[in-house]
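Engineer: Sharing a model prediction with you, sequence too.
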Amino acid sequence: MTTSPEELTGKRVLVTGGAGFVGSNIVEELVSLGASVIVLDDFFTGSRTRLPPGDVVEVVEGSVVDQDVVAAAMVGADVVIHAAARNIIVSTRNPREDYEVNIGGTLSVLLAAREASIGRVVYTSSASIYGNPRTLPISEDEPVNLLSPYAVSKFAGESYCHAFYESYGLPTSVVRYSNVYGPGQSPENPYCGVVAKFFEAAMAGNVPRIHGDGEQTRDYTFVTDVVAATLLAAVSPKAEGQVYNVGTGRETSVNTLARLILGVSGTTGEADHVDRRDIDNIRRRAVNIEKIRRELRWVPSVPLERGLHETHAWLAAE
């Protein structure tokens, strides 16, 4: 018998960081499934405009750092999806804030979840923890190579999840995202990803700016695929205590990405190249998704070019 996100219908689900890019897409899908959704967000990068209008979801404004706020938001919840975090740009600029939110906030969530006997906590981690891997595509048992404060804090969060699962029997699952993009990732947010930034330039008739030679590669994953994987991790018995890569298994260079985005946008020209400074020095990335395919029956369904067209359509409508 296979599991399905539809098992969340009628469940009460807390989404931390639910007003952010990935979090808001998770919230939207949960609402469509008929789940009762609580969003906890401090709106540092999240926006209320990303949330469903009216009183479709319960919104709690506050930080995961505040143990009392987290505990109150979690009352009656069946499942917690912990997506609140400071991203890599903020983390690099302010490692103290990274530590307090990404590590301290995750501990707050796990402590409250243990107290509330939550059925499953899904922690959203990052492929950044792999750094420059020894082999590609990167499997879940690849040794970590922590090259940024963000990578340190995300792996610390994973480690706390594992410890709470082993020490206290708290059901946890970890999903390691790889370069998520798609509708909802607004270029107006100064901390948005490269896809949104490249589209912002191209749709204004300019060419994207590439840091370095542009031959660095990433595994770009469409947000709806990420949401589907996350919700499967929330319901599948096989996911308890497990860690999963969420990506496509395909490398795409930044130069190729820029060319595709210029083509989708109908903008002519070639990208500008600038010195690669104050940017993570990860050269290549593609994650192995065999484990999540085998155990959760998840595979990505949106190829890069289609995902870029859908992203462009959303940005044009915005």
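Structural biologist: Perfect, thanks for sending it. Residues are numbered from 1 along each chain as shown.
Engineer: Ala127 contacts Pro137, doesn't it?
Structural biologist: No: the pair Ala127 / Pro137 is not scored as a contact, 10.3 Å apart, by Cβ atoms under 8 Å. For glycine as for every other residue, the C-beta is placed from the backbone atoms N, C-alpha and C.
Engineer: Show me which of those two is the more surrounded one.
Structural biologist: Neighbours around Ala127 and Pro137, counted as other Cβ atoms under 10 Å, are more numerous at Ala127. The numbers are 25 against 21.
Engineer: residues contacting that one?
Structural biologist: Neighbouring residues of Ala127 by Cβ atoms under 8 Å, 6 or more residues apart in numbering: 138, 176-179, 219, 245, 247, 285, 287.
Engineer: Same question for Asp275.
Structural biologist: Asp275 touches 211-212, counting by Cβ under 8 Å, 6+ apart.
Engineer: okay, it: pLDDT?
Structural biologist: Model confidence at Asp275, given as pLDDT, is 77.
Engineer: same deal with Ala196?
Structural biologist: 95.
Engineer: where does it land in three-state SS?
Structural biologist: helix (DSSP: H, G, I helix; E, B strand; the rest coil).
Engineer: contacting residues for it?
Structural biologist: Ala196 neighbours (Cβ under 8 Å, 6+ apart): 181, 185-187, 189, 311, 315.
Engineer: so of the residues you listed, which ones are in strands?
Structural biologist: Tyr181 (DSSP state E).
Engineer: would CSV of the contacts of Ala196 with neighbour count be doable?
Structural biologist: Rendered in CSV, the data for these read as follows (neighbours: other Cβ atoms under 10 Å):
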residue, neighbour count
Tyr181, 26
Gln185, 23
Ser186, 17
Pro187, 18
Asn189, 16
Thr311, 22
Leu315, 19
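Engineer: Tell me the one of the contacts of Ala127 nearest Gly76?
Structural biologist: Tyr177 (27.8 Å; Cβ to Cβ).
Engineer: Near the residue nearest to that closest one when sequence neighbours are not counted, how many other residues are there?
Structural biologist: Nearest residue to Tyr177 in three dimensions, chain neighbours excluded: Val246, at 5.3 Å (Cβ to Cβ, 6 or more residues apart in numbering). Look at Val246: counted by other Cβ under 10 Å, it has 28 neighbours.
Engineer: Check whether Val246 really touches Val174, as I assumed.
Structural biologist: No: the pair Val246 / Val174 is not scored as a contact, 10.1 Å apart, by Cβ under 8 Å.
Engineer: Can you pick out the most distant pair from the contacts of Ala196?
Structural biologist: Asn189 and Thr311 (14.2 Å).
Engineer: The closest residue to Val56 other than its chain neighbours: which element?
Structural biologist: Once flanking residues are discounted, Val56 sits nearest to Val31: 5.8 Å by Cβ to Cβ, 6+ apart. Val31 belongs to helix 21-33 when assigned by DSSP states H and E.
Engineer: what's the spacing between the helix or strand just after that helix and its chain's center?
Structural biologist: Per DSSP H and E, helix 21-33 leads on to strand 36-41 as the next helix or strand towards the C-terminus. Strand 36-41 has its C-alpha centroid displaced from the chain centroid by 17 Å (Cα atoms, centre = their mean, to the nearest Å).
Engineer: Could you name the specific helix or strand carrying the closest residue to Phe43 other than its chain neighbours?
Structural biologist: Closest residue to Phe43 apart from its sequence neighbours, by Cβ to Cβ, 6+ apart: Ala19 at 6.1 Å. Using DSSP H and E, Ala19 maps to neither a helix nor a strand.
Engineer: Could you check how far Ala19 is from Pro143?
Structural biologist: 35 Å (Cβ to Cβ, to the nearest Å).
Engineer: if you count what's nearby, which of these two comes out ahead?
Structural biologist: Using other Cβ under 10 Å as the criterion, Ala19 and Pro143 rank with Ala19 on top: 26 against 9.
Engineer: if we can go back for a sec, nearest to Gly263 among the contacts of Ala127?
Structural biologist: Once Cβ to Cβ is applied, the member of the contacts of Ala127 that ends up nearest Gly263 is Asn179, at 19.4 Å.
Engineer: returning to what we had before: what's near enough to touch the residue nearest to Val56?
Structural biologist: Counting by Cβ under 8 Å, 6+ apart, Val31 touches 37, 52, 56-57.
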